[in-house]
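Chemist: Sequence first, predicted model second:
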Amino acid sequence: MSTLADVAQQAGVSKSTASRALSGRGSVSLRTQERVAAAAKDLGFVPSSAAKSLATGRSRNIAVVTPFINRWFYAEVIDGVESALIGAGYDLTLYRLTDDKDQRKALFDYFLVRKGVDAVIALTLFISDDEVRRLRKLGKPIVGIGGRIPGVPTFSIDDIGTARRATEHLIDLGHTTLTHIGGDQEKQLDFEVHSNRLIGFRQALANAGISHANDFYADDFGISGGYRSALKALRDSTTRPTGIVAGSDEIAVGVMTAARELGIRIPEELSVIGIDGHPLAETLGLTTMNQHPSRQGSLAVSQALAQLGGAWDEADDSHLELTVDLKVRTSTAPPQV
């Protein structure tokens, strides 16, 4: 295995010059940098992350803190984060945070504060003022995904507006008997995604002068929850809606499964729209509001690296609202007369 000394010898420079050339720190001419890089490539030399850390004062490691890892949306955002970090030569450290107060204290007192991460990305996780102060004090930039956090630059979709637009799509098709199947209001995620999507749905109904009767069923925020709720909403043909706005694409998949089990044709007898942009949406012909979660992960990395590069204002708590695209497929159509 080649060493830094081997690279220096082949390039005809000292070890310290070779180190500066490879790390990008210190005064080294462009010609020397190119010669050292060529020698390193020829010898197959890769600087160790520990050596880079000592040379630069950074670990080249960014932490993602998230309440879930095994749910599709979170996994998709994390995939976008990892792809962007690999491209930038950074590593990813992933922390799953539950509601346990002791675990949260340990995370912010030790793992994020004392261990070697250069920045923190909070994925749909609210960080308290005290937690923000502790990270800021140590010079660790923070980026938030999913909602506003005081003192932290953040970005998210407009959950109320997105659900309202999804509902308006069905109303514009002529549906007047609509139901929202979403998350349990007693089991909120941070930033109140469940209730905000219900609010947006009901805003669209109110704007169109449509009654709210039998308009909401709640369960787990996934395929099984959508399936159970749809069985309740669709069994009685006298109260059956002609359109369902699902709180997520996974819920919508559960709705479509239940409808087919009950012999209800989509979209002839029931229109279904989801929110997210799940890969299954294209496979199943599901109309959805695509929020591009992988792109959100890449954007978070760009913001974190920009802060590490010097574009960091500790007073910055700006919020960027992301674009969500309506993708119309075969699961929505005008109601049968």
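Modeler: Yep, that arrived.
Chemist: okay, CA-based contacts and neighbour counts for the rest of this
Modeler: Will do.
Chemist: Mind jotting down where the helices sit in the stretch 1-150 of the chain?
Modeler: 4-11, 15-23, 30-43, 49-56, 72-88, 101-106, 129-137 (DSSP state H, counting those that start in this stretch).
Chemist: which stretch among the ones you listed comes nearest Asn214?
Modeler: When those are compared by Cα to Cα, helix 72-88 sits nearest Asn214, at 28.5 Å.
Chemist: Can you name the residues that contact Ser19?
Modeler: Leu4 (Cα atoms under 8 Å, 6 or more residues apart in numbering).
Chemist: Actually, Lys327.
Modeler: Under the criterion of Cα under 8 Å, 6+ apart, the contact list for Lys327 reads Thr287, Thr288, Met289, Asn290.
Chemist: now Gly200
Modeler: By Cα under 8 Å, 6+ apart, Gly200 lies in contact with Asp159, Ile160, Gly161, Thr162, Ala163, Arg164, Arg165.
Chemist: For this protein, which segments count as strands?
Modeler: Using DSSP state E, the strands of the chain run over residues 61-66, 91-96, 119-123, 142-145, 154-156, 178-183, 216-219, 243-246, 271-276, 287-290, 319-321, 325-327.
Chemist: Packing partners of the third one?
Modeler: Under the contact criterion of 3 or more Cα pairs under 8 Å, 6 or more residues apart in numbering; DSSP states H and E, strand 119-123 touches strand 61-66, strand 142-145, helix 293-308.
Chemist: mind redoing it with 7 Å?
Modeler: If contacts are counted by 3 or more Cα pairs under 7 Å, 6 or more residues apart in numbering; DSSP states H and E, strand 119-123 sits against strand 61-66, strand 142-145.
Chemist: By mean pLDDT, flag the weakest helix or strand of the chain.
Modeler: Ranked by mean pLDDT, DSSP states H and E, the helix or strand of the chain with the weakest confidence is helix 49-56, at a mean of 49.
Chemist: contacting residues for the spatially most central residue of the chain?
Modeler: The chain has Val77 as the residue nearest its centroid, 3.8 Å off, counting by Cα atoms, centre = their mean. By Cα atoms under 7 Å, 6 or more residues apart in numbering, Val77 lies in contact with Pro293, Ser294, Gln296, Gly297.
Chemist: Top of those by number of neighbours, please.
Modeler: When neighbours are counted by other Cα atoms under 10 Å, Gly297 leads the contacts of Val77 with 26 neighbours.
Chemist: Just to check, it is in contact with Leu85?
Modeler: No. Counting by Cα atoms under 7 Å, Gly297 stays clear of Leu85, with 9.7 Å between them.
Chemist: Of all the residues in stretch 275-286, which ones are buried?
Modeler: Of all the residues in stretch 275-286, those buried under the rule 16 or more other Cα atoms under 10 Å are Ile275, Asp276, Gly277, His278, Ala281, Leu286.
Chemist: before we move on, the earlier item: can you tell me which of the contacts of Gly200 are in helices?
Modeler: The helices, defined by DSSP state H, take in Asp159, Ile160, Gly161, Thr162, Ala163, Arg164, Arg165 from these.
Chemist: got those as TSV, with neighbour count columns?
Modeler: Shown next, in TSV, are these (neighbours: other Cα atoms under 10 Å):
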residue	neighbour count
Asp159	25
Ile160	20
Gly161	18
Thr162	24
Ala163	29
Arg164	23
Arg165	20
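Chemist: from these, which is closest to Ala208?
Modeler: Ala208 has its nearest neighbour among the ones in helices among the contacts of Gly200 in Arg164, at 11.1 Å by Cα to Cα.
Chemist: Report pLDDT for the residue nearest to that closest one when sequence neighbours are not counted.
Modeler: Nearest residue to Arg164, sequence neighbours excluded (Cα to Cα, 6 or more residues apart in numbering): Gly200, at 4.3 Å. pLDDT recorded at Gly200 is 97.
Chemist: State the distance from Gly200 to Asp158.
Modeler: 10 Å (Cα to Cα, to the nearest Å).
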